[in-house]
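[1] Requesting a structural model of the entry that follows:
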Amino acid sequence: MGLHFSNFGAWLGEQVGIHKASITIHRYLSFFLDIEKAVAGNS
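    Predicted coordinates:
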């Protein structure tokens, strides 16, 4: 899941610029962590 988060951050940086992406991406961290927990729980 870390790779997906990294790819998302890179994509977001290309879309809105690195400064805004760095401010925005924090909102999505818990989303990616929740997905990672759900996937790990289903293994």
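[2] alpha carbons only for contacts and neighbour counts from here, please
    Will do.
[3] Tell me the gap between whatever helix or strand residue 11 lives in and the middle of its chain.
    Residue 11 is part of helix 2-16 when elements are defined by DSSP states H and E. In terms of C-alpha atoms, centre = their mean, to the nearest Å, the centre of helix 2-16 is set 7 Å apart from its chain centre.
[4] For the remainder of this discussion, apply numbering that starts at 435.
    That works, and once the first residue is 435, the last one we named lands at helix 436-450.
[5] helices or strands up against it?
    helix 452-458 (3 or more C-alpha pairs under 8 Å, 6 or more residues apart in numbering; DSSP states H and E).
[6] What's the mean pLDDT across the following helix or strand past the helix it packs on?
    Per DSSP H and E, the first helix or strand lying C-terminal to helix 452-458 is helix 460-475. For helix 460-475, mean pLDDT is 88.
[7] Check stretch 437-446 too.
    Mean pLDDT, computed over stretch 437-446, is 89.
[8] Tell me the spacing between residue 454 and residue 440.
    Distance of residue 454 to residue 440, computed by C-alpha to C-alpha, to the nearest Å: 16 Å.
[9] I should have written residue 466 there, sorry.
    11 Å.
[10] which of the two has more neighbours?
    residue 466 (15 against 11; other C-alpha atoms under 10 Å).
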